[in-house]
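1. show me how the following folds:
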Amino acid sequence: MAIYLDNSYSMELENDKGSLFRQAKEQARNLVNSLGRTDRFLLITNDLAPEHQRLISNTEMLDYLDQLQLSPFERNFSELSARAQDIFAKNNAHNNSLFLFSDMQKRMFDLEASKLDTSMSISLLYMESQGQGNVYIDTLSFYSPLRSSQSPEELKVRVVNSSAKDIKGLPVRLSINGVQRAIGSMDILPYSSTDSILRYSNEGSGWMKGKVEIEDYPIVFDDELQFSYEVAMQSRILALGDAGITSRCLKVFGSDPFFQCKASDPRNMDLSSLADQDLIILAQVKEPSSGLSNALEAYVAGGGSLLIIPASDVSLDAYINLLSRIGANAFQSKVDLARKANSIDLQNPFYKNVFEQAPANMDLPSTQSHYASQARVQSSEERLLSLQDGSSLLSLFPFQSGRTYVFSASLDPEMSDLASHSIFVTSLLRMAEVSAGNSSLYSIIGRDDAITIPLPGSDKDPFKMRSDDGLIEFIPEQQSIGNITQLRDRGQVQEPGEYAIMKGEELISMRAYNMDREESEMEFYSADELEAIIAGRPHIQMNAISTWGNADLQMADLGSKQLWRWFLIAALLFLAAEVLLLKFWKA
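-> From the prediction side, this is the model:
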């Protein structure tokens, strides 16, 4: 017999008998106690723990049920039933049954996707709540990608009301490094969401640990969202190319101490130093070498930002090689026709909120010639500036953890007026800002997203992750790609919070982990809906635990054929009959 006990966070909901999770544990214990001591059990939970992959005794099953806690992981019915069938098959078990104690969230109960063995009987033990609904923090994001000391911040927090209640004056609190920095108040209509803007300023530099909180009962796991980010002391910018053109590019950043600019000739530089830069400008290099193309590919993949400005007479083959490596549209040919830019995407996050009020007829650059390109089959292009003929003047191409910006025209006066145009200055400053803060604010437990570290890995001295309280420490899976390392926790993070990424005892980075918000949406099947879904499947039956009153769960309630008690009674009756026959026969 297999018992699935839903230990997802939605089981924190209550009915008139209290917590659904507590009731499920009690009823599962009653079910186990109603069976024989020699019966073997399989416990399945959302954790899919290694110790739950074998058949266990009555006593072990009761011990495991006592120890069971709520889990951040989510599982579908198809996955759970397949696991039960697989373990039964490996143990040559017969007359198998599966009991599911669950609140039957709609996203969990995917019966149609399940490949069920009809010889296995299934009992759905429906844990029905009182329909309290839920209010939770869904997402958060900054309006600006740049994090710098003393700069004003605007943090957008989205809160969802998935209940029938009209929420008035819900407090939303923000703390940074344990100190409350902002508080807001929200009104949210039933079954809708609202954004709140929390404003504050960073104090100092380094890694910041943030937390946004609300209060909602009884579901509390999603009442806070943690995040982390680094306030950079400076933005490092490297321009590659001839001295004349690189100085023209770097002049854009002026004498602002936040920008640390330098120029280098790509023909005689240490390519391993590229990984230290926040933004690299490939300024009118006619023919990038294969070594430089390899290094730039690794740099962008590892989270770097690259700007490509072509020369007026590039090697198309060299640029086709470079651009195709980093997921950008490759140059095809040079078009010697005058064109004027006539479109700027002000809704793209790159330009959004950059201009306080953009004029209806914004003055945009002109070109005398430009490079035409063909879109890739699965292009990720974001067109930022477009020419009159619909071709691109400036495009953004996300690639793995980084991004590439490509101008289609040179800065040479005979090719364009880009260098003297204000949009060129604005765009370069924006690229530098974005490059200084492009890491994720948080990860979701269970999704196993890669964390990119711009440092090479080492088997002798691997990166490790440590929880903020120091109680959890582990070595994540590590994959070195050139001068970067990608980390994956592979299920080792099970508690929300801030985790430091260490190299020895040196802090390299931070990553906040939060619970998956899919569990926050409280949509459940009703008893009638479940009856309709399982109709025509005689091996599946459904019982609503809320209808049983205070009676204990017994096998008879579930229609299972447990005959051992009847055999015992029959044996006693036959024994008594034998005694009576012997006694009266002698008489």
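2. please make it C-alpha for all contacts and neighbour counts, starting now.
-> OK.
3. which residue ranges of the chain form helices?
-> 20-33, 58-67, 77-90, 243-250, 290-301, 316-325, 422-435, 527-534, 564-586 (DSSP state H).
4. Leu582: neighbour count?
-> Using other CA atoms under 10 Å, Leu582 is surrounded by 10 other residues.
5. spatially central residue for this structure, please.
-> Nearest to the geometric centre of the chain sits Ile444, at 4.0 Å (CA atoms, centre = their mean).
6. contacting residues for that one?
-> Contacts were defined as CA atoms under 8 Å, 6 or more residues apart in numbering; by that measure Ile444 touches 513-516.
7. can you list the residues you listed in a markdown table and add pLDDT and neighbour count?
-> Below are the contacts of Ile444 laid out as a markdown table (pLDDT from 0 to 100; neighbours: other CA atoms under 10 Å):
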| residue | pLDDT | neighbour count |
| --- | --- | --- |
| Tyr513 | 97 | 22 |
| Asn514 | 96 | 23 |
| Met515 | 93 | 24 |
| Asp516 | 91 | 18 |
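8. now for those residues: which two are most distant?
-> Tyr513 and Asp516 (9.4 Å; CA to CA).
9. find the residues that touch each one of those two.
-> By CA under 8 Å, 6+ apart, the residues touching both Tyr513 and Asp516 are 444-445.
10. related to what we said a few turns ago, closest one to Ser123 among the helices of the chain?
-> helix 527-534 (10.7 Å).
11. so what touches the closest one?
-> 126, 540-542, 544.
12. just the buried residues of these.
-> 126, 540-542 (16 or more other CA atoms under 10 Å).
13. so which of those are in strands?
-> Of these, the ones assigned to strands by DSSP state E are 126, 540-542.
14. which one of those is nearest Gln234?
-> For these, with Gln234 as the reference and CA to CA as the criterion, the closest is Tyr126, at 56.9 Å.
15. wait, isn't the closest one in contact with Phe99?
-> No - applying CA atoms under 8 Å, one finds Tyr126 not in contact with Phe99, separated by 10.3 Å.
16. which stretches in the stretch 151-300 of the chain count as strands?
-> 152-161, 167-176, 179-188, 192-201, 206-213, 224-231, 235-240, 259-264, 279-283 (DSSP state E, counting those that start in this stretch).
17. how about Ser467, nearest residue that isn't a chain neighbour?
-> Of all residues not flanking Ser467 in the chain, Tyr499 sits nearest, at 4.4 Å (CA to CA, 6 or more residues apart in numbering).
18. again with Gly304
-> Using CA to CA, 6+ apart, the closest residue to Gly304 is Gly402 (4.9 Å).
19. what distance do you get for that neighbour to Gln23?
-> 49 Å (CA to CA, to the nearest Å).
20. and those two? which has more neighbours close in?
-> With neighbours defined as other CA under 10 Å, Gly402 and Gln23 compare such that Gly402 has more, 22 against 19.
21. quick check: the more buried one touching Val300?
-> Yes - in this structure, Gly402 is within contact of Val300 by CA under 8 Å, at 4.7 Å.
22. quick one, grab the pLDDT at Ser343.
-> Per-residue pLDDT puts Ser343 at 89.
23. check Gly482 too.
-> pLDDT at Gly482 comes out at 66.
24. how about the strands of the stretch 151-300 of the chain in a markdown table, adding distance to Asp66 and mean neighbour count?
-> Output for those, formatted as a markdown table (distance: least, CA to CA, whole Å; neighbours: other CA atoms under 10 Å):
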| stretch | distance to Asp66 | mean neighbour count |
| --- | --- | --- |
| strand 152-161 | 33 | 19 |
| strand 167-176 | 36 | 16 |
| strand 179-188 | 38 | 15 |
| strand 192-201 | 38 | 17 |
| strand 206-213 | 31 | 19 |
| strand 224-231 | 28 | 22 |
| strand 235-240 | 54 | 22 |
| strand 259-264 | 58 | 18 |
| strand 279-283 | 55 | 25 |
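25. quick one: buried residues of the helix or strand of the chain with the lowest mean pLDDT?
-> Least confident helix or strand of the chain, by mean pLDDT, DSSP states H and E, is helix 564-586 with a mean of 77. Buried residues in helix 564-586, counted by 16+ other CA under 10 Å: none are found.
26. helices or strands next to that helix in the packing?
-> Contact partners of helix 564-586 among helices and strands, from 3 or more CA pairs under 8 Å, 6 or more residues apart in numbering; DSSP states H and E: none.
27. what's the spacing between it and its chain's center?
-> 67 Å (CA atoms, centre = their mean, to the nearest Å).
28. over to stretch 347-354?
-> 24 Å.
29. run through who's touching that stretch.
-> Under CA under 8 Å, 6+ apart, the answer for stretch 347-354 is 345-346, 384, 430, 434.
30. what of stretch 485-495?
-> Defining contact as CA under 8 Å, 6+ apart, one finds that stretch 485-495 is touched by 71-72, 302, 445-446, 448-457, 474, 476-480, 513-514.
31. filter these down to the buried ones and express that as a PyMOL selection.
-> Buried residues within the contacts of stretch 485-495, by 16+ other CA under 10 Å, are selected in PyMOL with:
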select buried, resi 71+72+302+445+446+450+451+452+453+454+455+456+457+476+477+478+479+480+513+514
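32. how about Glu477: what's its closest non-neighbour residue?
-> Distance criterion CA to CA, 6+ apart; nearest residue to Glu477, sequence neighbours excluded, is Arg488 at 5.2 Å.
33. state the number of residues packed around the one you found.
-> 18.
34. same deal with Asn33?
-> Using other CA under 10 Å, Asn33 has 16 other residues around it.
35. from Leu42, how far out is the nearest residue to it once chain neighbours are set aside?
-> Spatial nearest neighbour of Asn33, chain neighbours left out: Asn58 (7.7 Å); criterion: CA to CA, 6+ apart. According to CA to CA, Asn58 and Leu42 sit 10 Å apart.
36. joint contacts of the two?
-> Joint contacts of Asn58 and Leu42 (CA under 8 Å, 6+ apart) do not exist.
37. any chance of the strands of the stretch 151-300 of the chain in TSV, with distance to Leu111 and mean pLDDT too?
-> Converted to TSV, these look like this (distance: least, CA to CA, whole Å; pLDDT from 0 to 100):
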stretch	distance to Leu111	mean pLDDT
strand 152-161	28	94
strand 167-176	35	96
strand 179-188	34	95
strand 192-201	29	95
strand 206-213	36	95
strand 224-231	32	94
strand 235-240	53	92
strand 259-264	57	90
strand 279-283	50	94
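38. nothing else from me, thank you.
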